[in-house]
Structure formats: structure tokens, C-alpha cells
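A.B. asks: Here is a sequence together with a model predicted from it:
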Amino acid sequence: MSELERSSEVAQLRQRILLEYEAAQRGLTGTAQGTTRHAFITKRLENMSAYHQVLKQLVGEQGAIELLVEVLEQPD
């Protein structure tokens, strides 16, 4: 995989993590209650975890952690 392809894939994964995180946050304030809300948020976090695993393969464990933290600390 070329460096350009890798950076493009990293950017896509970063965006997907951000979208899942935002969806999970909205799930906290939405109208659903109980198990429905819990299942929704759990699925978003599972998706984030899967994307993080792929990032680890692309940029290493430390790089993946740094990218994840960067995404989660972005201002709204």
C-alpha cells in the first residue's frame, strides 16, 4: 500500500470514528430510553473499536491511540 493510499484510509477511518462518536453523544440526549439507548450507544462504541483496530494495523498502536485521542478531544 502506498503512503498516499495509507493516509487516505487513515483519514477515512478518522472521519468514521468521529461520526460514530457524535452519534453516541446524540444517543445520550435522544428520546430513546433503557435498552434501546444502551444498545445504540454500545453499537457506536463497538464500531469505534473496530476502526481503531484497523488504525493500529496502519499506523501502529501508539499512532492509533494518538489519532483516537485527537478525534475525541475535538471541540464540537
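C.D. replies: Cool, the structure landed. Numbering: from 1, shown residues only.
A.B. asks: And the helices in this structure?
C.D. replies: Listed in chain order, the helices of the chain (DSSP state H) span 3-29, 34-72.
A.B. asks: measure residue 47 to residue 14 for me?
C.D. replies: As for residue 47, its distance to residue 14 is 13 Å (criterion: CB to CB, to the nearest Å). To be clear about C-beta, it is placed using only N, CA and C from the backbone, and glycine gets the same treatment.
A.B. asks: residues in contact with the residue nearest the centre of the chain?
C.D. replies: What sits nearest the mean C-alpha location of the chain, by CA atoms, centre = their mean, is residue 17, with 2.1 Å. Residue 17 is in contact with 48, 51-52, 67-68, 71, counting by CB atoms under 8 Å, 6 or more residues apart in numbering.
A.B. asks: between those, which is closest to residue 6?
C.D. replies: residue 67 (12.6 Å; CB to CB).
A.B. asks: where does the chain have low pLDDT?
C.D. replies: Applying pLDDT under 70 to the chain picks out residues 32, 76.
A.B. asks: So what touches stretch 24-39?
C.D. replies: Against stretch 24-39 from outside (CB under 8 Å, 6+ apart): 40-41, 44-45, 48.
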